[in-house]
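Trainee: sharing a model that was predicted from the sequence below.
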Amino acid sequence: MSTIEERLREIKETLPESTRVIAVSKFHPTERILEAYNAGQRLFGENRAQEMTEKQPQLPSDIEWHFIGTLQRNKVKYIVPFVHTIHSVDSIRLLDEIERQCARLQRESVRVLLQIHISGEETKHGFDKEELDDLINSGALEQLQHVKVVGLMGMASLTDDLDLVDSEFARMRGIFDALKGGPFAGHPEFKELSIGMSGDYQLAVRHGATYVRIGTAIFGAREY
C-alpha cells in the first residue's frame, strides 16, 4: 500500500507548475497531516471552522491554511486570525463579515475566492449568474478594505459522468475569463481558479485550475 508521501509525489508529477495541490485534511488527525507536511506539503484545506481552529495550533506555523467548506458568518472570527485563503465566499453578507472581523483584529488582508454555483445540484452553494451580477454591480467589492478577491471556486456535480463535469469546469473557466477581462481587469491578484477534487482534478487542470483540492487520493478514507 502506498504512503501519503508516495501518493502526493505521484499526483504532483502529473500537474503543471501553475497548479498547486491543497491537501484536504478534514476528518484526518494531525498525525496524518504531519506525514504530508514532512513530505513537503504546505497547503492544507479544511471545511469546518472548529476543526481547523483545533488543528492549527498543533501543527507547524508555516502551514498555509485554506478554508474550503460552507462558512457560517458566526464562525468567521475564529479563522480570520490565521487563515490564508477562504475559498467558499457565497454571499455579500459573508464578505462583509470577513471585512468586519479583519478590521476588528487589525489584520491587513485575507484572500478570498467567490464560490460560483456551476452544478445542477441544489445542495451546492455559490453565486448564480444573477447574484454574481448583482455583487459586481452593487459596488460592494470596491468598499472592501481588508478582503482581497483573488479568484473563483466551484464544485462540479458529484457524478461519474465526466462529460458533465468537463462542461461545468468549462463554464467555470468562461466565467473566470469574463471577470478577468471585465470587472477585474487591471487586478493582477485576480488569478486563482479553485476547481477539481480527487476524482476529477485532471479535468480541472485542462481548464486552468490553479488550485486542486485533493483529499481521498492523498490521505485515503476519512478516519473520523
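Mentor: Good, I have the coordinates.

Trainee: leaving out sequence neighbours, find the closest residue to D128.
Mentor: Leaving aside its sequence neighbours, D128 sits nearest to H117 (C-beta to C-beta, 6 or more residues apart in numbering; 5.1 Å). All C-beta atoms are positioned from the backbone trio N, CA, C, and that covers glycine.

Trainee: got the phi/psi numbers for that neighbour?
Mentor: phi -80, psi 100 (degrees, to the nearest 10).

Trainee: E97 versus that one, what's the distance?
Mentor: 20 Å (C-beta to C-beta, to the nearest Å).

Trainee: when these two are compared, which one has more neighbours?
Mentor: E97 (21 against 18; other C-beta atoms under 10 Å).

Trainee: ok, the more buried one - contacts?
Mentor: R73, V76 (C-beta atoms under 8 Å, 6 or more residues apart in numbering).

Trainee: can you tell me the SS state at it?
Mentor: Of the three states, E97 takes helix under DSSP: H, G, I helix; E, B strand; the rest coil.

Trainee: flag the shaky bits of this structure, pLDDT-wise.
Mentor: 1, 120-124, 223-224 (pLDDT under 70).

Trainee: repeat that for 80
Mentor: Applying pLDDT under 80 to the chain flags residues 1, 120-125, 221-224.

Trainee: L158: which element?
Mentor: Applying DSSP states H and E as the criterion places L158 outside every helix and strand.

Trainee: state the helix or strand in which the residue sitting nearest the centre point of the chain lies.
Mentor: Centroid-nearest residue in the chain, with C-alpha atoms, centre = their mean: H87, separated by 3.4 Å. Following DSSP H and E, one finds H87 within strand 85-89.

Trainee: check L193 too.
Mentor: Per DSSP H and E: strand 192-194 holds L193.

Trainee: circling back: how far away is the residue nearest to D128 from R173?
Mentor: 15 Å.

Trainee: in the longest helix anywhere in the chain, what counts as buried?
Mentor: The residue-count maximum for a helix in the chain (DSSP state H) belongs to helix 162-181. Across helix 162-181, burial judged by 16 or more other C-beta atoms under 10 Å covers V165, D166, E168, F169, R171, M172, R173, I175, F176, L179, K180.

Trainee: measure stretch 130-150 end to end?
Mentor: This stretch, stretch 130-150, spans 20 Å end to end (C-alpha to C-alpha, to the nearest Å).

Trainee: do the same with stretch 44-54
Mentor: 14 Å.

Trainee: correct me, but T85 touches E46?
Mentor: No - T85 is not in contact with E46 according to C-beta atoms under 8 Å; the separation is 11.7 Å.

Trainee: identify the contacts common to the two.
Mentor: What both T85 and E46 touch, as defined by C-beta under 8 Å, 6+ apart, is the set H66, F67.

Trainee: so between those two, which is more surrounded?
Mentor: The neighbour comparison of T85 against E46 (other C-beta under 10 Å) goes to E46, with 26 against 23.

Trainee: so who does that one touch?
Mentor: Counted by C-beta under 8 Å, 6+ apart, E46 has contacts V24, S25, K26, M52, K55, W65, H66, F67, I68, G69.

Trainee: return the residues in contact with the third one.
Mentor: Each residue near K26 by C-beta under 8 Å, 6+ apart is listed here: G45, E46, N47, R48, E51, G69, G215, R222.

Trainee: many thanks, have a good one.
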